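Peer 1: Compute the structure for the input listed below.
(one chain, ligands or ions: 1)
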Amino acid sequence: MDANVLQGGYNTPASSPLSQSSTEGEGSEDSTPTLTLSDVNYYVKYRTGPWWRGACFRKEHVKHVLHDVTLAFPAGQLVGLVGSSGSGKTSLLDVIASRDEGYVTGEMTYGGVRCTRDVMRQRVSYVIQADRLLPNLTVRETLTYTAYLKLPNSVNKKQLKEKVDNVINRMGLRGVADSRVGGAVVRGVSGGEKRRVTIALQLLKDPDILLLDEPTTGLDSFTARHLVASLQQIARQGKLVMLSLHQPRSDIAKMLDQTALMSSGHVMYCGPTDHMVPYFTELGYPSPTYANPLDTYIDVVSVDRRDADRQAVTSQRTDELLQAYKTSDLLARTKAKVAKMAKARSFVSDTGRKSRSPGWFRSFSTVVSRMNVNLSRDGLAYFNRIIALPVFVPFIVIFLGRMKHNQGSIQDRIGILYNSVQVPPYLGIINNVALFPALRDHFYREGLDGLYGSQTFLLAYTLHILPFAAVASVLFSSMLYWITGMYPEADRFGMHVAVVFLLHMAGELLTTAVMGMFRNPQLANTTTALTFTASGLLATGFLRTLQNMSEVLQYLSWASVHKYASEIVVANEFHNLNLTCEEKLQGIPCVPNGDVFIDVNYPGATNHMHRNFEILVSMVVGYQLLAILSFKAFGLRIMK
Ligand SMILES: Nc1ncnc2c1ncn2[C@@H]1O[C@H](COP(=O)(O)OP(=O)(O)OP(=O)(O)O)[C@@H](O)[C@H]1O
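Peer 2: Purely as a prediction, here's the structure:
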């Protein structure tokens, strides 16, 4: 496309401040809220070196990511951040959204108010690159649940529904409002529609500033253009919309009111998009005919690091262009505008918009209800959660059959009890690895949006899985207990169910805690499975009696859920159990009843029933607390 045609075709909104000036877009009315950044610098710390040195012993570096960024963007505009990979687009959005993870200097204001984290949380919505949506909810349900999490209790059901309908219409989602979102396995709405849903979620809060990181990535050109056209409409309704773009197509570029061109953390040009070609042409870099000017100038300001010669040439060119921008009228006018805003600013905290959010109970019940609905729509996953644990019983029963009361049945009982304490935590791990990571990723997005904290999320998850764990444990114990002929007493059966349930929960909750530390679910799976395997070997006493182990291992066993669970199930099964002594046991001492077995192998287990049960319950509660702590310590950090 001809550069001049393109230039002429760039969009300048009638209502935007751009239309009031010739080219520089400085005709902003004082009353138009403006986002200003004044000499903003951003530094991050990172470490290099082999992972085994640990976080503290690897070499620490400080990277200067953004350099002296000075910008002024009035509300009502669509602003594009463009630049090659690593030029600092996402970092700039992070800083504006107060989601930076380093050290920021300089000043940022919006509408004359200094941008503290609280102010920005209220005013800014940030659409990150990935669409993290629950696959089994419809578009409308997705938005409705989020509205319950975002809007204050004072917004009633009718108003909430209106709000949801409104964003559905604004984002052109009416046609798919009642379709499932879908995911990797379940087919659902298209990629472009998913992006729209993600943006619609952010519009529920009615933000003043909407930031989008690479919203067009992965979309075909038609869908991308329509998406940006929707964003342009949102901007025209008085919002400041800023989006980073990797490879801005010329028709998308035409829709941008202003463009900030970045290279290595420096702003190389910031001003009206249609002024870019004349600006660079004056500096000796005209845009070739038929070329997309944005592509051309991204190349012109980028450093080519493929070899030393090219790097030297392109670095010199970039330095010259940076100096030219620093001394340009364009930047001088932006600085004047920023200074004017600074004079007018109030420095007061943002009194106009108080932070209003739903109460804890509403957030908690919404998250639980959403998890339940999401799982209930996936028949296989729902069924699997209930049936995976009981499915083990036929294997155990086929192998061990119905138990007798002879001496050989002692070994059979040990086998059954070993399975009773080893299988439930493993199934807890398997269930968790299958279903938790998607919920966790979803939480990470909503957590970053400040909708609710890790405590609410993890308690909601526990409440969500509790009924499944209870039903699965009752089914497992009912089948195993009565088919194999364990001690026929209702109380003892109840105790067996309780132990299976607690161990099943222990598996789930410890995996949850580890999931807070490792992003990779497989790593969490391996870590927890190994932990429970070691715990089962060490502390059950079924494979080797505790008394025969070294003192160190005996002490270690006190930290294992298996120690307490095993003592309970052994006392439960062997106490008052009569055993027969067959004549063929020549020379081998006979164990006449279960209490002798307990006295020899688990001394005191019958008397420790209450103590063991209380410790087991406390440890499971401890795993829940550990999960909360691990998410608080690592949670939102490990997703970045
Ligand atoms: N937390 C961090 N630790 C280390 N380096 C960082 C961190 N954040 C940003 N950087 C570095 O700062 C530079 C700018 O990164 P940024 O992600 O903002 O670039 P970008 O223009 O958005 O790139 P892309 O288009 O590829 O997403 C990169 O070199 C990046 O490695």
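Peer 1: what's the pLDDT at the residue nearest in space to the middle of the chain?
Peer 2: In the chain, the centroid-proximal residue (C-alpha atoms, centre = their mean) is residue 444; its distance is 2.3 Å. Listed pLDDT for residue 444 reads 89.
Peer 1: I'd say it and residue 132 touch.
Peer 2: Yes - using C-beta atoms under 8 Å, residue 444 is in contact with residue 132, at 7.1 Å. Using the backbone N, CA and C atoms, a C-beta is placed for each residue, glycine as well.
Peer 1: picking that back up, please give the element, helix or strand, for the residue nearest to the centre of the chain.
Peer 2: helix 408-448 (DSSP states H and E).
Peer 1: residues in contact with residue 620?
Peer 2: Shown in contact with residue 620 (C-beta atoms under 8 Å, 6 or more residues apart in numbering): 502, 505, 506, 509, 561.
Peer 1: Could you rerun that using 10 Å?
Peer 2: 462, 501, 502, 503, 504, 505, 506, 507, 508, 509, 510, 561 (C-beta atoms under 10 Å, 6 or more residues apart in numbering).
Peer 1: ditto for residue 496
Peer 2: Contacts of residue 496 by C-beta under 10 Å, 6+ apart are 417, 420, 473, 476-478, 480-481, 486-487, 568-569, 572-573.
Peer 1: SS state for it?
Peer 2: Assigned by DSSP: H, G, I helix; E, B strand; the rest coil, the conformation of residue 496 is helix.
Peer 1: Relative to the ligand, how far out is it?
Peer 2: Distance of residue 496 to the ligand, given as C-beta to the nearest ligand atom, to the nearest Å: 51 Å.
Peer 1: Likewise for residue 85?
Peer 2: The gap separating residue 85 from the ligand is 3 Å, by C-beta to the nearest ligand atom.
Peer 1: Surely that residue and residue 246 touch.
Peer 2: Yes - the criterion here is C-beta atoms under 10 Å, and residue 85 meets it with residue 246 at 7.2 Å.
Peer 1: Of these two, which one has the most company?
Peer 2: When neighbours are counted by other C-beta atoms under 10 Å, residue 85 and residue 246 differ, and residue 246 comes out ahead with 13 against 8.
Peer 1: where does the more buried one land on pLDDT?
Peer 2: pLDDT recorded at residue 246 is 80.
Peer 1: Next, it: phi, psi?
Peer 2: Residue 246 adopts backbone torsions of phi -80, psi -60, taken as degrees, to the nearest 10.
Peer 1: measure it to the ligand for me?
Peer 2: Per C-beta to the nearest ligand atom, residue 246 is found 5 Å from the ligand.
Peer 1: Same question for residue 373.
Peer 2: The value you get for residue 373 to the ligand, if C-beta to the nearest ligand atom is used, is 34 Å.
Peer 1: same check, this time on residue 262
Peer 2: From residue 262 to the ligand the distance is 7 Å (C-beta to the nearest ligand atom).
Peer 1: which stretches of the stretch 501-640 of the chain aren't confidently modelled?
Peer 2: 583-586, 635-640 (pLDDT under 70).
Peer 1: Same list (the contacts of residue 620) but as JSON lines, adding neighbour count and secondary structure.
Peer 2: Converted to JSON lines, these look like this (neighbours: other C-beta atoms under 10 Å; DSSP: H, G, I helix; E, B strand; the rest coil):
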{"residue": "462", "neighbour count": "20", "secondary structure": "helix"}
{"residue": "501", "neighbour count": "22", "secondary structure": "helix"}
{"residue": "502", "neighbour count": "24", "secondary structure": "helix"}
{"residue": "503", "neighbour count": "28", "secondary structure": "helix"}
{"residue": "504", "neighbour count": "27", "secondary structure": "helix"}
{"residue": "505", "neighbour count": "25", "secondary structure": "helix"}
{"residue": "506", "neighbour count": "26", "secondary structure": "helix"}
{"residue": "507", "neighbour count": "29", "secondary structure": "helix"}
{"residue": "508", "neighbour count": "31", "secondary structure": "helix"}
{"residue": "509", "neighbour count": "27", "secondary structure": "helix"}
{"residue": "510", "neighbour count": "28", "secondary structure": "helix"}
{"residue": "561", "neighbour count": "26", "secondary structure": "helix"}
